[in-house]
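Enquirer: all I have is the shape, not the residue letters:
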């Protein structure tokens, strides 16, 4: 598995990234993939999974 390089984004870059995910309708796919990845880990981060599940439900309720 490849490692992910960590770096900082400016607030403007973060906003642009989020806007892009929403406008291209990728946001629900990304959240769904993250939930699946967490569920398949040997040691699951329950708190993160719970937060992502709530976010997923909110996005689905709002048409994403």
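Expert: That came in fine, so what should we check first? Computed from a predicted structure; not experimentally measured.

Enquirer: identify, by residue count, the longest helix of the chain.
Expert: Selection of the longest helix in the chain by residue count, based on DSSP state H, yields helix 46-61.

Enquirer: tell me where the protein has strands.
Expert: Using DSSP state E, no strands are assigned anywhere in the chain.

Enquirer: helices of that one, start to end?
Expert: 11-23, 27-39, 46-61.

Enquirer: now those helices as a markdown table including mean neighbour count, distance to residue 5 and mean pLDDT?
Expert: Bear in mind the C-beta positions are built from the backbone N, C-alpha and C, glycine included. Converted to a markdown table, these look like this (neighbours: other C-beta atoms under 10 Å; distance: least, C-beta to C-beta, whole Å; pLDDT from 0 to 100):
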| stretch | mean neighbour count | distance to residue 5 | mean pLDDT |
| --- | --- | --- | --- |
| helix 11-23 | 11 | 15 | 95 |
| helix 27-39 | 14 | 18 | 95 |
| helix 46-61 | 12 | 21 | 96 |
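
Enquirer: which strands or helices does the longest helix of the chain pack on?
Expert: Applying 3 or more C-beta pairs under 8 Å, 6 or more residues apart in numbering; DSSP states H and E, one finds that helix 46-61 makes contact with helix 27-39.

Enquirer: now tell me what touches the helix it packs on from outside.
Expert: Under the contact criterion C-beta atoms under 8 Å, 6 or more residues apart in numbering, helix 27-39 has outside partners 18, 21, 44-45, 48-49, 52-53, 55-56, 59-60, 64.

Enquirer: do the same with stretch 47-64
Expert: So stretch 47-64 is in contact with 22, 25, 27, 28, 31, 32, 34, 35, 38, 39, going by C-beta under 8 Å, 6+ apart.
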